[in-house]
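Asks: Sharing a model prediction with you, sequence too.
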Amino acid sequence: MSKKQKIEDVILFQLDLTSKISKQYSQRDFDKLKLGITVEQWVLLKIISESKDLTQKELAHKSYRDPASITRTLDILEKKEFLYREAIPNNRRSYHIVLSSKGRQFIETHMDLIVRHRENSIKGISKKNLTIMSEILTKMRENMK
């Protein structure tokens, strides 16, 4: 790699840019449909919906977000009645994050929108290329651990 390589040609920059554009794309639709949540809030709801007996620390780990950010977001989602915190017996410092029936219904109602976003993002890319891309991204993550 050249030291004079333009930033736009750096793969990590391209990945970051793609991630930002992806979030903006979804957030525009979320706002247009007045869903009342952010993409980050959606991601946490989805992780919670796929998990059982999930603690805040585990949620932070699974979502690759810092614990303080998770706390603020969980407070917001709890106020919206999408989830609740359930005490863990014999553990006063931790609790399980549980999706409420309203949260579960919200995900079910809007999952089609998310699927459409996912499908649109890979439109025109062959399954073979998607597999290769997934393998490359996995290798890049491994290289940076």
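Replies: Arrived safely, thanks for sending.
Asks: any idea of the pLDDT on residue 30?
Replies: At residue 30 the predicted local confidence, pLDDT, stands at 96.
Asks: Same check on residue 2?
Replies: On the pLDDT scale, residue 2 is placed at 68.
Asks: Just the buried positions in the least confident helix or strand in the chain by mean pLDDT, please.
Replies: Lowest mean confidence among the helices and strands of the chain (mean pLDDT, DSSP states H and E): strand 91-99, at a mean of 90. By neighbour count on 16 or more other C-beta atoms under 10 Å, the buried set for strand 91-99 is 96, 97, 98, 99. For glycine as for every other residue, the C-beta is placed from the backbone atoms N, C-alpha and C.
Asks: Stretch 73-89 now?
Replies: 73, 74, 77, 80, 82, 83.
Asks: Same check on stretch 18-37?
Replies: Those would be 26, 27, 30, 35, 37, for stretch 18-37 by 16+ other C-beta under 10 Å.
Asks: Could you report the distance from residue 46 to residue 128?
Replies: According to C-beta to C-beta, to the nearest Å, residue 46 stands 27 Å off from residue 128.
Asks: who has more neighbours, those two?
Replies: A count of neighbours by other C-beta atoms under 10 Å puts residue 46 above the other of residue 46 and residue 128, at 15 against 8.
Asks: ok, that one - contacts?
Replies: Counting by C-beta atoms under 8 Å, 6 or more residues apart in numbering, residue 46 makes contact with 107, 114.
Asks: pLDDT wise, what is it at?
Replies: Per-residue confidence (pLDDT) for residue 46: 97.
Asks: Helix, strand, or coil at it?
Replies: At residue 46 the chain is in helix, as set by DSSP: H, G, I helix; E, B strand; the rest coil.
Asks: related to what we said a few turns ago, what strands flank the least confident helix or strand of the chain, and is each parallel or antiparallel?
Replies: strand 54-55 (antiparallel), strand 83-88 (antiparallel) (DSSP bridges).
Asks: and the residue nearest the centre of the chain, what does it touch?
Replies: Most central in the chain under C-alpha atoms, centre = their mean is residue 43, positioned 3.2 Å from the mean C-alpha point. Residues near residue 43 by C-beta under 8 Å, 6+ apart: residue 63.
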